[in-house]
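**Q** how does the following fold in three dimensions:
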Amino acid sequence: DRGEDKEESVWEGVKLGFYVVGVWVSFLLFGWGQEALANESFDGEKFEFTHSQVLMQSITNVLVAGIFIVIQSAFDGSPIRLNAGVRLRHWLIASLGYQGAHYFGFKSLSYISYPVAIVVKSCKSVPVLIGEICIAGETACLVKWSSVVTLSLGVVLFLFFKPSSNPNTGKSGDFSAGSNDEFALTPEFGYGMLLIFLALICDGIYGPYQSYIRKTYHQCGAFHLMFNMNLWQGIFSFGCAYADGELVETFEFIRRHRRVIPYLVNFCASMAVGSCFIYQLQRTWGALMVSKATTVRKLMSVLISAYLFGHDIHAVQWIGVLVVFSSKFTARPIATSIRRGLGGYASGQPNKQKVG
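**A** Below you'll find the predicted structure:
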């Protein structure tokens, strides 16, 4: 029995490593493709078709999720229910937030650099925490609030506390898209930050609403969420792209610049594959393991982006980056210290341990 348990434990470790590495590799490729599409010049033109970008991503994810739903139904011998019995209005609300998060996030890369966008987006636990309280009816413990405060402090360090590199201007490094000059609160940078904050608000809507759907409809699995969220996101994006003529412009751009096709293929394929790894990781090991894997991936993305695309990141800002990405691991010790310092009443429960 012990030998079987040990063999099973080794096999579980191998699967865990496989899924974690899959998340890292696929989303590192996705991050590279996302930034390359935003910054690469194709004979003097840039790919700036955000609705089409979201549409292509949605189509790929729908196809992959649909295939897995069909396969699962065949193995289980159960009927295929693509919507999992969830009411249409729930899918519409969640997918509108989902589309907004992707649209505003992609659009912001035309105005701010990828490291800024990814670090600020790493703070999405702030609106998600608020959304969990307001939408999903969750309660926020001291550990969650500690994580939120730590994230915010890290972002402040990253954005505003770089020492001056120019004694005449007193300004620090530039974080506008495609620039390595002096930092200034330009309208372009401000608009980019507005877009990324709108993306965060949308994260705070669709994330908790997905939790609400899964709590309410127990038969709704991970691939049902993936399928329906991307289906309706794709429909919304198609309507927007068709209405403003972006759809035709996208096809014309691809026809003129065939070199963009590998970028688009990498972008869509890596997103779909990465989503599958994340759903498998979450189903087997839970959200904490997913959080750890994606946190490491985001840190790796910033490092690779700074190296490949020449973004200047100062030592003080690296401290901010580390604060942001380590917040999930430092939140519990911080909360424990606060409880001890306040005699255990910060959490609403007396601390029975003696302090000091």
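**Q** from here on, contacts and neighbour counts on C-alpha atoms
**A** Noted.
**Q** would you confirm that residue 270 contacts residue 24?
**A** No. If you go by CA atoms under 8 Å, residue 270 and residue 24 don't touch, sitting 10.4 Å apart.
**Q** which one of those two is surrounded by more residues?
**A** Using other CA atoms under 10 Å, the more surrounded residue of residue 270 and residue 24 is residue 270, with 24 against 21.
**Q** now the more buried one: which helix or strand?
**A** Per DSSP states H and E: residue 270 is located in helix 261-285.
**Q** where along the stretch 251-356 of the chain do the strands fall?
**A** With DSSP state E, counting those that start in this stretch as the criterion, the stretch 251-356 of the chain has no strands.
**Q** which residues of it fall in helices?
**A** 261-285, 287-309, 315-341 (DSSP state H, counting those that start in this stretch).
**Q** what ranges do the helices span in the stretch 1-150 of the chain?
**A** With DSSP H, counting those that start in this stretch as the criterion, the stretch 1-150 of the chain has helices spanning 2-39, 50-76, 88-108, 114-121, 125-134, 142-160.
**Q** residue 297 is nearest to which of the ones you listed?
**A** helix 2-39 (5.2 Å; CA to CA).
**Q** quick one: average pLDDT of that closest one?
**A** Mean pLDDT, helix 2-39: 78.
**Q** buried residues in it?
**A** For helix 2-39, the buried set under the neighbour-count rule, 16 or more other CA atoms under 10 Å, comprises 16, 19-20, 22-39.
**Q** mind giving me the packing neighbours of it?
**A** helix 261-285, helix 287-309 (3 or more CA pairs under 8 Å, 6 or more residues apart in numbering; DSSP states H and E).
**Q** which one of the ones you listed has the lowest average pLDDT?
**A** helix 287-309 (a mean of 65).
**Q** residue 92 and residue 99, how far apart?
**A** Residue 92 is 10 Å from residue 99, where distance means CA to CA, to the nearest Å.
**Q** the two: who's more crowded?
**A** Legend: neighbour count by other CA under 10 Å for residue 92 and residue 99, higher for residue 99 (27 against 16).
**Q** surely the more buried one meets residue 235?
**A** No. With contact defined as CA under 8 Å, residue 99 does not reach residue 235; the gap is 10.0 Å.
**Q** common neighbours of those two, please.
**A** The contact sets of residue 99 and residue 235 do not overlap (CA atoms under 8 Å, 6 or more residues apart in numbering).
**Q** which residues does residue 127 contact?
**A** Residues in contact with residue 127 (CA under 8 Å, 6+ apart) are 200-201, 203-205.
**Q** rerun that using 7 Å as the cut-off
**A** 200-201, 203-204 (CA atoms under 7 Å, 6 or more residues apart in numbering).
**Q** again with residue 100
**A** Contacts of residue 100 (CA under 7 Å, 6+ apart): 199, 202.
**Q** try 10 Å
**A** Residues in contact with residue 100 (CA atoms under 10 Å, 6 or more residues apart in numbering) are 54, 106, 195, 198-203, 205-206, 233, 237.
**Q** just curious, which of these is nearest to residue 46?
**A** Nearest member of the contacts of residue 100 to residue 46, counting by CA to CA, is residue 106, at 13.4 Å.
**Q** spatially, what comes nearest to the closest one if we skip its sequence neighbours?
**A** residue 50 (6.5 Å; CA to CA, 6 or more residues apart in numbering).
**Q** cool, and residue 84?
**A** The nearest residue in space to residue 84 (CA to CA, 6+ apart) is residue 220, at 5.2 Å.
**Q** which secondary structure element contains the one you found?
**A** Judged by DSSP H and E, residue 220 forms part of no helix or strand.
**Q** what is the neighbour count of it?
**A** Residue 220: 18 neighbours (other CA under 10 Å).
**Q** pull the number of nearby residues for the residue lying closest to residue 23 once chain neighbours are set aside.
**A** Residue nearest to residue 23 in three dimensions, not counting chain neighbours: residue 274, with 5.3 Å by CA to CA, 6+ apart. Counted with other CA under 10 Å, residues neighbouring residue 274 total 22.
**Q** return the residues in contact with the residue nearest to residue 46 when sequence neighbours are not counted.
**A** Leaving out its chain neighbours, the residue that sits closest to residue 46 by CA to CA, 6+ apart is residue 40, at 6.4 Å. Residues near residue 40 by CA under 10 Å, 6+ apart: 33, 46-47, 178, 260, 263.
**Q** how close does residue 40 get to residue 263?
**A** On the measure of CA to CA, residue 40 and residue 263 end up 10 Å apart.
**Q** what touches both of those two?
**A** Going by CA under 10 Å, 6+ apart, residues that sit against residue 40 and also against residue 263 are residue 33.
**Q** good, we can wrap up now.
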